[in-house]
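J.: Sequence plus the predicted model coming up.
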Amino acid sequence: MSRDMIEEGEISCSLIVKVKPEDGVGGCSGEGHVGTGTTSSATPIVVLSTFVAVCGSYVFGTAVGYSSPAQTGIVEDLGLTVAEYSLFGSILTVGAMIGAVMSGRIADYKGRKFTMAFSEIFCIAGWLAILFSKAAWLLDLGRFFVGYGMGLLSYVVPVYIAEVTPKNIRGGFTSVHQLMICCGVSITYLIGAFATWRTLALIGTIPCLMQLLGLFFIPESPRWLAKVGKWKECEAALVRLRADNADICDEASEIRDYTEQLEQLSEASIFHLFQRKYAWSLIVGVGLMVLQQFGGVNGIAFYASAIFISAGFSGSVGMIAMVVVQVPMTALGVVLLDKSGRRPLLLVSAAGTCLGCLLVAVSFLLQDLQQWKEGTPIISLIGVLVYTGSFSLGMGGIPWVIMSEIFPINMKGSAGSLVTLVSWLGSWIVSFAFNFLMEWSSTGTFFIFASICGLTVLFVAKLLPETKGRALEEIQASMNPVSS
């Protein structure tokens with residue numbers, strides 16, 4: 001079937017049920033019947049499936065937010081040196097990179113639900129190791145396990161949500177992944193102000209257990225079921241996700257037709273991803289992650305308090321202000337994503353991060369020149385808040401939404417692993433290099449970040465397709481031509 005036919009929806013409803021008509025599952029029966037289209041509402045099972053999936057995103061957030069409030073207690077109780085605690089903090093990213101490398105393959109071979117359950121087992125083991133640790137090695141092992149699980153979750157959660165939600169609400173639902181990460185970080189900061197580090201680790205197991213239990217009550221991704229040839233289960237999952245009286249005919253036909261085209265191709269490896277036909281998807285997916293990380297987000301997030309202090313402002317007041325801005329702006333991005341589209345929101349977000357970095361750079365420049373000393377802390381605070389709010393609006397979550405949409409199902413595992421690895425590697429590089437860059441030149445550091453954010457605006461304007469309201473198969477066919 002040509003891509004034009006997919007885009008116009010001119011798909012005859014031969015469907016899965018023709019293979020096994022005696023099963024009588026779903027809303028498609030009879031040759032030549034074309035349904036009126038998939039329901040666009042958020043059914044209770046779609047909401048439940050998304051909630052269960054984003055419990056993993058909340059786990060992600062708690063892991064990222066844990067090291068800051070726990071630092072004083074761990075160092076005092078276990079007598080860790082600064083170097084030992086730095087290892088504890090950074091080993092999370094090492095585990096996440098290893099998890100990212102394996103995430104796509106596990107999700108492809110074992111399924112999306114299995115991968116989420118598998119990751120949570122590691123996260124629970126990691127939190128319990130931290131809880132009961134008496135020495136640095138067990139603390140580090142626990143942190144590594146949590147990082148490994150986090151690396152798996154960072155890929156599979158947005159992919160699962162994108163594959164189970166209707167196309168017109170897919171962006172908003174998928175971006176809840178980023179919202180829950182922000183909530184996890186913020187709530188962990190808040191609880192950490194009152195709870196001990198061991199109690200905080202115990203609390204970290206709660207969302208893990210919630211997701212493990214919730215997985216028993218949600219369907220597997222219908223697109224993964226189609227990929228492994230489970231057509232009957234694929235249609236049953238669609239009926240469950242779209243409600244019993246919904247017409248799933250067109251959606252199931254698109255999934256089946258596109259999957260059958262891809263089955264004609266050989267099993268994809270990471271090396272197949274670098275073929276010319278996947279170039280656009282690869283450039284967009286990897287490019288967005290590189291620009292997201294090298295725009296300085298983790299440097300600002302991890303060292304925000306130090307930035308405020310360097311600029312002559314109160315670190316604690318600045319951190320509270322960041323949290324107050326971050327969660328509402330992320331929620332606003334969720335609401336706007338399927339209304340305004342991916343491109344406009346990313347353009348506004350990237351321009352805002354560029355402006356925020358410029359303001360911080362100007363603040364440090366004025367400090368270096370010994371000019372307007374009373375105003376530089378305010379400029380620095382405004383700059384970081386503009387950056388945080390703008391990043392939360394789009395650049396934080398939309399690259400993950402795009403990643404879950406643009407790669408065809410036969411390449412999604414390899415591509416997802418690569419993109420997630422690039423994200424975590426970029427995170428580690430920026431986090432590691434940030435203090436050295438600040439020692440070199442605070443002004444120069446933020447001018448570099450501003451330049452990269454400006455480059456992001458051009459990248460989005462020139463290369464990013466709009467995916468709002470389009471079926472996954474339509475997006476993937478337009479970006480990754482499949483040979484007949």
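T.: Yes, it's here.
J.: Work out for me the element Arg85 sits within.
T.: Check again: residue 85 is Tyr, not Arg. In this assignment (DSSP states H and E), Tyr85 forms part of helix 82-110.
J.: who does that helix touch, helix- and strand-wise?
T.: helix 44-78, helix 112-132, helix 136-164, helix 222-227, helix 412-440 (3 or more C-beta pairs under 8 Å, 6 or more residues apart in numbering; DSSP states H and E). In short, each C-beta sits where N, CA and C put it, glycine included.
J.: okay, the angle between it and helix 112-132?
T.: Counting by axes from the mean of the first three to the mean of the last three C-alpha atoms, to 10 degrees, helix 82-110 lies at 160 degrees to helix 112-132.
J.: Off-centre distance for helix 82-110?
T.: Here helix 82-110 is found 15 Å from its chain centre; the criterion is C-alpha atoms, centre = their mean, to the nearest Å.
J.: just to revisit the earlier point, with distance to Val325, mean pLDDT and mean neighbour count added, can I get the helices and strands packed on helix 82-110 in TSV?
T.: What follows is the helices and strands packed on helix 82-110, written out as TSV (distance: least, C-beta to C-beta, whole Å; pLDDT from 0 to 100; neighbours: other C-beta atoms under 10 Å):
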stretch	distance to Val325	mean pLDDT	mean neighbour count
helix 44-78	16	90	22
helix 112-132	28	96	22
helix 136-164	23	93	26
helix 222-227	36	89	24
helix 412-440	21	82	20
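J.: Same list (the ones you listed) but as TSV, adding distance to Glu233.
T.: Converted to TSV, the helices and strands packed on helix 82-110 look like this (distance: least, C-beta to C-beta, whole Å):
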stretch	distance to Glu233
helix 44-78	15
helix 112-132	12
helix 136-164	13
helix 222-227	5
helix 412-440	19
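J.: closest to Gln292 out of those helices?
T.: helix 412-440 (7.1 Å; C-beta to C-beta).
J.: For the stretch 251-400 of the chain, just list every one of the helices.
T.: In the stretch 251-400 of the chain, the helices defined using DSSP state H, counting those that start in this stretch lie at 279-294, 297-302, 304-310, 315-340, 342-368, 376-390, 398-406.
J.: circling back: to Ile309, which of the helices and strands packed on helix 82-110 lies closest?
T.: Nearest of the helices and strands packed on helix 82-110 to Ile309, taken as C-beta to C-beta: helix 412-440 at 11.5 Å.
J.: by how many degrees do the closest one and helix 279-294 diverge?
T.: Angle between the axes of helix 412-440 and helix 279-294 is 30 degrees (criterion: the same axes, to 10 degrees).
J.: which secondary structure elements does helix 412-440 contact?
T.: Judged by 3+ C-beta pairs under 8 Å, 6+ apart, helix 412-440 is in contact with helix 82-110, helix 136-164, helix 279-294, helix 297-302, helix 398-406, helix 442-463.
J.: Need the winner for burial among those.
T.: Highest mean neighbour count among the helices and strands packed on helix 412-440 (mean count of other C-beta atoms under 10 Å): helix 398-406, with a mean of 27.
J.: residues in contact with that helix?
T.: With contact meaning C-beta atoms under 8 Å, 6 or more residues apart in numbering, helix 398-406 is reached by 154, 158-159, 161-163, 170-171, 174-175, 177-178, 281, 284-285, 288-289, 292, 333, 337, 342, 345-346, 349, 415-416, 419-420, 423, 464-465, 467, 472, 475-476, 479-480.
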